[in-house]
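Peer 1: Just the structure for this:
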Amino acid sequence: MKQRILFIIWAILYGICAGLGFVAQPTDAQSVAMTILSLLFFVPGALLLADAVTKRNNKLLLALRIISIVSLSLTVLVFMANLASAAASEAVGNALYYVLLLVSAPMSTIGFDLLSLFLWACLLFSTFVFRKKLTD
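Peer 2: This is a model prediction of the structure:
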């Protein structure tokens, strides 16, 4: 599959996950569907990683690394800001929570918050491992 199509699919899945993150009280069936979509969110990234390795594309590996670092960094920063806003008004807390939903879209819909961070970290560290193997 072409890289461009995979990036488009990844962006669409991001939009779906971001939108579903605003569902307040999902039913059991909705929670299962949201978890499946959240897991599917990481498939295009994994396919892009596999494509980068098979084609020995260091530029694509770097792009995946940057995307992973940005996602993980923004998630941690906004999460910390959200925690720090405990003494602030409810509006500030809600605003930061909504920003967190957008920054870490699959995290809010996967049901297991740490699993999303773990999958992002796996993608990130895979870029380092395969980069080293490609340069050897």
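
Peer 1: Please verify my assumption that Gln117 contacts Met107.
Peer 2: In this structure residue 117 is Leu, not Gln. Yes - because the distance of 6.6 Å satisfies C-beta atoms under 8 Å, Leu117 is recorded as touching Met107. All C-beta spots, glycine's among them, are computed from the backbone N, C-alpha and C.

Peer 1: what do the two both touch?
Peer 2: Thr75 (C-beta atoms under 8 Å, 6 or more residues apart in numbering).

Peer 1: Give me the more crowded residue out of the two.
Peer 2: More neighbours surround Met107 than the other of Leu117 and Met107, with 25 against 19 (other C-beta atoms under 10 Å).

Peer 1: how about the closest residue in space to that one that isn't next to it in sequence, what does it touch?
Peer 2: Nearest-residue entry for Met107: Ser116, 3.8 Å, with adjacent residues in sequence omitted and distances by C-beta to C-beta, 6 or more residues apart in numbering. With contact taken as C-beta under 8 Å, 6+ apart, Ser116 is in contact with Ser38, Ser104, Pro106, Met107, Ile110.
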